[in-house]
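Asks: Pasting the sequence and the predicted model now:
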Amino acid sequence: MPDSLPLAVAADAFPVLAQTVHGHPLAYLDNAATTQVPRPVLAAMRRFEEFERANIHRGVHTLSQRATDAFEQARTTLKRFVGADARHELVFSSGTTEALNLVASGLSTRGPGRAVIEPGDEIIVSGLEHHANLVPWQAAARRSGATLRILRPDARGHLHKHELKALLNARTRVFAVTACANATGERPPYEALLALAADAGALTVLDAAQVAAHAVPDLSTLACDFMAFSGHKMYGPMGIGALVGRRAVLERLVPVRLGGDMVDWVSYTDAGLAALPSRLEGGTPNVAGAVGLAAAAQFIDHVGRAAIDRHIGALRARAVAGLTALDGITVLSPEAAPSAIVSFVAEGAHPHDIGTLLDERGIAVRTGHHCAQPLLDHLGRGPTTRASFALYNTPGEVDRLVAGVARALEVLR
Amino acid sequence: MTTTTVPTVAENELYQDVVVEHKRAPRHYGRLSAPTRQARGHNPQCGDDLQVELVMAGHTVQDIGFHGQGCAICIASVSMMSEAVIGRDTAEVQALQQRFRAVLTGQLEPGEADLGKLVSLAGVRRYPSRIKCALLGWHALMHALAADAGSTPGAAA
């Protein structure tokens, strides 16, 4: 790997950003929904599709071997990216949602033996979660006869260790939390929360979707059994993500996708499961996606995680300061750090109207409930307007956002 | 080109003065004392949530009220709708809804639709993601009209 790539050079590597929208240069501030893809990632995927494409793990021919090597090399790169060691394994999924569903379903479904989660057990989920880290646990609780408990944030949207301590008991089987709340940008003390839950004997689950692009958790230092992240939120392709976790607990998951490549032996009446990671990767995987995801991880490390995180943190601070100075604007979790997300509500102006007016000025933001309706209800908020930053965003774009919101308020009030 | 002082197309066509004025001071906002029919319009994606209440005299809308929350397009649309349907019979209201919807979905030109004040919302047709905002109150109204008298609140989205 050559010396680190300067941010300004890296920012030029994203072809989709070089366009105008409604006559204005695109200011793409919807990165918490999806980041854009740089040329090195596109090139890696294209190289695979043009020179290496074949099905994996089953052919004796040259291309099949190349494709298998590319897929397994991607796994190795990504394991290193998240600090996985020999105790860990990484399973490719279609994204964070599928990875979290695999965990929730795999722990609550009966396999040859009993399900890991048993009737009377308890599942604790934080109240900051995206629907993808809540709804699967609701279903898991129903399926297994367990009780779902919510670690509620305080009125300002913060999670507290003592609140978790009060919920933990001998029947707690799972604790699931996000590394950054997608709806508010809140950055909970997830390291301490995971450690507390693990000490109490719970399996721990971390949704890392919103931090993988700039502040990826280091599994080697975390009391984390399962961590999920998505390619398309870290400059990688859509339709690929990963579940990475401790081998010993991954082995306890009952597979969801049954079929080829995940079995050891098969008769007409029964089958034996393959070893990890294959047993959780039934069917032909998204190999080009895995190659692209690994290239995205390398791109991030080439630029430097610390440099990206500093840059994004400065943009968020600038946005918080600018928006807070506007009349009748409330920023959620204003002091959250590190966080790429600024989410706000405006008196007398609905997010959808603000979003449409910003789009007319070439500024892309997200509006609505951000798949976190219970959290916004709990905080007494309706829908919000959310801007979220990536390495290619600039202070000038933040200033356009603030000016655009100010103008929208003039029009709407 | 990036200056914020030049009005955008949306500011001129979507958020016309009459639209913003209805959003600021919606007509027929509030609860009726004795509605004979009611229905809810709810969009879980954005949180817009309206309750439309009617007093029917036979097939005629004698009174209408609505309450809830929504974006400017949603509120302006249901406010203008309330003014437009009062005193009209069910068939006329349904026909107006169909013409309004056809304008928004591009199947009918605004000038040919006889929409009255509602024509000021015709600009929504250029913003496909906002059409559901403009139709939310209408969905609730259609639901209320189709419901049996005295029915409990139903969901329409």
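Replies: Done, it's in.

Asks: Roughly how far does whichever residue of the stretch 101-250 of chain A sits closest to chain B sit from B:Asn12?
Replies: Proximity to chain B, evaluated over the stretch 101-250 of chain A using Cβ to the nearest Cβ, is greatest for A:His131 at 10.7 Å. Where you see a C-beta, it was placed from the backbone N, CA and C, and this is true even at glycine. Per Cβ to Cβ, to the nearest Å, A:His131 is found 37 Å from B:Asn12.

Asks: what does A:Leu128 give?
Replies: 40 Å.

Asks: all strands of the stretch 101-250 of chain A, in order?
Replies: Ranges of strands within the stretch 101-250 of chain A are A:122-126, A:147-151, A:172-178, A:203-207, A:226-230, A:241-246, based on DSSP state E, counting those that start in this stretch.

Asks: any idea which of these is most buried?
Replies: Mean neighbour counts were compared across those using mean count of other Cβ atoms under 10 Å in any protein chain shown; the top stretch is strand A:226-230, at a mean of 29.

Asks: what angle do that one and strand A:241-246 make?
Replies: Interaxial angle, strand A:226-230 versus strand A:241-246 (axes from the mean of the first three to the mean of the last three Cα atoms, to 10 degrees): 160 degrees.

Asks: and strand A:226-230, how far out from the chain's middle?
Replies: 6 Å (Cα atoms, centre = their mean, to the nearest Å).

Asks: Then stretch A:39-52?
Replies: The answer for stretch A:39-52 is 24 Å, by Cα atoms, centre = their mean.

Asks: Show me what counts as buried in it.
Replies: Going by neighbour count (16 or more other Cβ atoms under 10 Å in any protein chain shown), the buried part of stretch A:39-52 is A:Pro40, A:Val41, A:Leu42, A:Ala44, A:Met45, A:Phe48, A:Glu52.

Asks: Tell me which of A:His131 and B:Asn12 has more neighbours.
Replies: A:His131 (17 against 11; other Cβ atoms under 10 Å in any protein chain shown).

Asks: For the residue nearest to the spatial centre of chain A, which non-adjacent residue is closest in space?
Replies: Among the residues of chain A, the one closest to the centroid is A:Ala209, at 1.0 Å (Cα atoms, centre = their mean). Distances taken as Cβ to Cβ, 6 or more residues apart in numbering or on different chains place A:Thr96 nearest to A:Ala209, at 4.3 Å, with adjacent residues excluded.

Asks: Could you count how many residues lie near the one you found?
Replies: So A:Thr96, with other Cβ under 10 Å, has 27 neighbours.

Asks: Quick one: residues contacting it.
Replies: A:Ala132, A:Asp207, A:Ala208, A:Ala209, A:Ala228, A:Phe229, A:Ser230, A:Lys233, A:Gly241 (Cβ atoms under 8 Å, 6 or more residues apart in numbering or on different chains).

Asks: what do you get if the cut-off is 7 Å, keeping everything else the same?
Replies: By Cβ atoms under 7 Å, 6 or more residues apart in numbering or on different chains, the contact set of A:Thr96 is A:Ala132, A:Asp207, A:Ala209, A:Ala228, A:Phe229, A:Ser230, A:Gly241.

Asks: so what pLDDT did it get?
Replies: On pLDDT, A:Thr96 comes in at 98.

Asks: now A:Leu134
Replies: Note on A:Leu134: pLDDT of 98.

Asks: wait, isn't it in contact with A:Ile123?
Replies: No. Counting by Cβ atoms under 7 Å, A:Leu134 stays clear of A:Ile123, with 10.5 Å between them.

Asks: Return the residues of chain A in contact with chain B.
Replies: A:22-25, A:350, A:352-353, A:356-357, A:360-361, A:368-369, A:382-383, A:400, A:403-404, A:407, A:411-412 (Cβ under 7 Å from any Cβ of the partner chain).

Asks: Let's see that with 8 Å instead.
Replies: A:22-25, A:349-353, A:356-357, A:359-362, A:367-369, A:373, A:376, A:382-383, A:400, A:403-404, A:406-407, A:411-413 (Cβ under 8 Å from any Cβ of the partner chain).

Asks: Just the buried ones from those residues?
Replies: By 16+ other Cβ under 10 Å, these give A:24-25, A:349-353, A:356-357, A:359-362, A:367-369, A:373, A:376, A:382-383, A:400, A:403-404, A:406-407, A:411-412 as buried.

Asks: Inside strands: which ones of those?
Replies: Mapping these onto strands (DSSP state E) picks out A:His24, A:Pro25, A:Thr367, A:Gly368.

Asks: Tell me the one among those nearest to A:Gly113.
Replies: A:Gly368 (42.6 Å; Cβ to Cβ).
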